[in-house]
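What follows is a protein structure lacking sequence information:
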């Protein structure tokens with residue numbers, strides 16, 4: 001239940017100036033309340049009105065979690081005295097505050113705001129000191145007024161500090177001129193909140209600025225959903241649904257944005273398409289570069305290639321299938337190549353054999369993958385150093401522009417004869433563009449991945465589109481090798497992918513189902529698996545080796561609830577481990593943590609086996625590590641990621657981190673874990689799909705345990721619905737290929 005209180009902040013226990021998070025004591029009537037929440041601009045002595053819900057913290061007792069608040073300037077001399085003497089204004093203590101009130105009385109705030117130079121009338125305030133005092137008061141007052149003004153317009157107080165930092169004292173005027181530009185600086189405010197504010201400021205429903213912003217929002221949302229474009233009719237439908245405007249004004253606004261080169265319009269076989277420029281440019285460039293690769297003659301292939309492969313197989317005691325041999329040969333006969341196949345079909349063996357031959361020829365090969373975990377696994381399986389794509393392309397961050405850039409491009413291409421990229425199903429169209437820009441004129445590109453995995457989180461269906469287009473050579477590995485056939489994980493993954501029921505609970509195998517239809521009891525079984533059964537039987541480390549994967553965030557077996565429970569059993573409170581509360585989350589040293597959005601500016605460092613330090617920038621969505629240190633006084637938190645990068649986070653950035661004892665299956669892409677536990681409980685049909693289940697199972701190296709309803713398992717296998725993405729890459733590639741073939 002939401003409750004409202006009004007009173008004075010008598011003490012500020014904790015405050016973070018960067019993100020506005022505070023813990024304070026509010027004195028109201030005959031009680032003291034502990035307040036927690038994002039409360040920028042508040043200090044001890046402030047009078048405020050707050051609204052929120054009471055909650056009970058397991059260590060700190062009853063608290064009011066503040067949902068909104070309204071600062072109230074003190075009106076009495078006593079209140080003004082407390083405010084001035086609070087330490088908010090540099091150079092003003094209790095004695096100076098008393099002299100200021102003796103000089104100006106209750107007009108002191110008006111003087112400081114409107115005639116600050118008059119502060120020199122106060123004994124002890126001179127020519128040099130009055131200005132900093134006035135500026136501090138005015139800045140605080142501007143923030144206070146901005147919070148109140150934004151609250152009236154429906155914008156949460158937690159955004160006020162960032163808005164003030166972005167626009168300064170002119171924030172109100174800038175927002176009144178164009179409220180929608182807030183979305184450029186801080187898109188997490190949300191279009192609907194900004195739109196409500198714009199309407200309160202008097203914008204008409206069909207204001208062109210409003211409709212154009214609505215179109216850009218619809219396209220940005222589509223990119224977030226995985227689409228590279230939307231059909232024009234779909235844009236119109238979405239925008240009209242949100243803005244409640246007529247079709248003609250939406251069409252006019254689309255045309256206006258296109259004329260101003262803010263979006264790109266193209267014509268497909270059956271529709272008109274609308275792109276945000278980055279996706280259009282990425283799709284266009286990718287198409288052009290892939291055609292160049294398809295039409296370029298490769299380096300001469302090694303002599304006696306088949307014979308050398310026979311020798312290699314004897315030396316390494318392996319037996320390559322015919323498709324693997326064809327894959328090695330194709331790598332030397334084509335500038336572009338795709339190798340695709342499910343688990344156990346020999347992708348790794350093919351790549352390792354190819355690397356051996358490349359190095360025999362004294363040629364240079366580079367290896368990379370989209371994530372740190374995938375790159376680390378590639379290093380372990382190949383014995384050759386692999387890097388993330390971001391690191392390979394020498395991603396940097398400009399302090400001046402606040403944007404990231406890549407050091408490798410057409411002007412400074414990668415120096416290699418072969419470039420092998422693993423887990424390409426994770427690569428979106430924007431990253432593919434950057435990758436192809438860095439391909440040198442003599443480099444052979446080899447893309448490796450499982451096309452049946454979940455598509456990339458970002459826009460596009462790059463691997464699928466390239467394979468379906470036929471633009472470059474594709475090697476499909478379908479034979480499951482004898483050793484892999486001994487694994488039920490591998491065999492069941494293929495069965496599920498073909499819509500067949502898996503084999504369950506064979507003794508001494510690696511794939512098990514535990515029936516439990518009560519989600520609370522299932523959670524208890526998962527806790528037992530993590531803390532006792534799997535560590536005792538398989539010697540797994542419950543934090544490092546076992547990963548709980550779940551389709552959903554919500555519910556008893558969703559990530560939010562499971563992480564709270566699993567933290568208590570896997571990393572409970574202990575005097576030897578420092579911890580810090582951030583809103584509803586408690587972070588503790590030793591906690592398993594995941595980065596949940598790309599941050600291109602964060603610095604990292606690590607040390608190689610010889611002790612040499614390496615540094616770089618960028619931490620990415622899905623990176624997993626653990627908290628190695630919490631420094632409360634410095635407000636710093638140190639994460640050691642699984643690829644040995646050490647990153648120091650200011651407390652202001654902890655909203656980019658989540659506990660990772662349980663993670664969604666989508667977030668597990670590109671990762672591999674010794675053991676996976678997968679709850680089987682109802683969820684939205686759009687999530688409970690065969691392809692999601694297949695992805696989850698193939699994340700496990702040694703053991704899979706499913707806990708829950710068997711009918712949910714079978715329902716997911718039967719649900720072969722995949723969300724079709726609007727992507728123009730395949731169609732463009734086919735059209736270009738047809739044109740080239742007709743012209744030749």
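Sure thing, it's come through. Everything quoted here is computed from the prediction, not taken from an experiment.

what's the single longest strand in this structure?
strand 2-15 (DSSP state E).

Sheet partners, orientation included, of the helix or strand following that one?
Counting by DSSP states H and E, the next helix or strand C-terminal to strand 2-15 is strand 21-28. Using DSSP bridges, the strands paired with strand 21-28 are strand 2-15 (antiparallel), strand 31-38 (antiparallel).

residue ranges with poor pLDDT in the stretch 451-600 of the chain?
The stretch 451-600 of the chain contains no residues with pLDDT under 70.

In the stretch 301-450 of the chain, where is pLDDT below threshold?
402.

Which of the three states applies to the residue nearest to residue 244 when sequence neighbours are not counted?
Once flanking residues are discounted, residue 244 sits nearest to residue 205: 6.4 Å by Cβ to Cβ, 6 or more residues apart in numbering. Heads up, the C-betas are built off the backbone N, CA and C, glycines and all. When classified by DSSP: H, G, I helix; E, B strand; the rest coil, residue 205 comes out as coil.

unless I'm mixing things up, residue 205 is touching residue 243, no?
Yes - using Cβ atoms under 8 Å, residue 205 makes contact with residue 243 at a distance of 6.8 Å.

Looking at these two, which one has more neighbours?
Set side by side, residue 205 and residue 243 show more neighbours around residue 243, with 23 against 12, by other Cβ atoms under 10 Å.

List the contacts of that one.
Neighbouring residues of residue 243 by Cβ atoms under 8 Å, 6 or more residues apart in numbering: 195, 205, 210, 211, 214.

Now intersect the residues you listed with the helices, please.
195, 210, 211, 214 (DSSP state H).

Relative to residue 530, which of the residues you listed is nearest.
Among those, residue 195 lies closest to residue 530 (Cβ to Cβ), at 44.7 Å.

so where do the strands sit in the stretch 251-400 of the chain?
263-267, 272-276, 336-341, 365-369, 386-388, 395-397 (DSSP state E, counting those that start in this stretch).

Comparing the ones you listed, which comes out most buried?
strand 336-341 (a mean of 25; mean count of other Cβ atoms under 10 Å).

Touching that one from outside, list them.
By Cβ under 8 Å, 6+ apart, the list of residues contacting strand 336-341 reads 290, 293-294, 327, 330-331, 347, 350-351, 424, 444-451, 463, 466-467, 471-478.

List only those of these flagged as buried.
290, 293-294, 327, 330-331, 347, 350-351, 424, 444-451, 463, 466-467, 471-475, 477 (16 or more other Cβ atoms under 10 Å).

Now tabulate the strands paired with strand 21-28 in JSON lines and tack on mean neighbour count and mean pLDDT.
Below are the strands paired with strand 21-28 laid out as JSON lines (neighbours: other Cβ atoms under 10 Å; pLDDT from 0 to 100):
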{"stretch": "strand 2-15", "mean neighbour count": "15", "mean pLDDT": "83"}
{"stretch": "strand 31-38", "mean neighbour count": "18", "mean pLDDT": "86"}
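
Out of those strands, the one nearest residue 378 is which?
Per Cβ to Cβ, nearest to residue 378 of those: strand 31-38, 40.9 Å.

got a list of contacts for that closest one?
5, 7, 9-10, 13, 19-26, 50, 52, 60-67, 69, 156-158, 581, 583.

State the next helix or strand along the chain beyond it.
strand 47-57.

which helices and strands does the helix or strand that that following strand is followed by pack with?
Next along the chain after strand 47-57, taking DSSP H and E as the criterion, comes strand 61-72. Applying 3 or more Cβ pairs under 8 Å, 6 or more residues apart in numbering; DSSP states H and E, one finds that strand 61-72 contacts strand 2-15, strand 31-38, strand 47-57, helix 130-152.

show me what contacts residue 5?
26, 28, 33, 49, 50, 64.

No further queries at this time; thank you.
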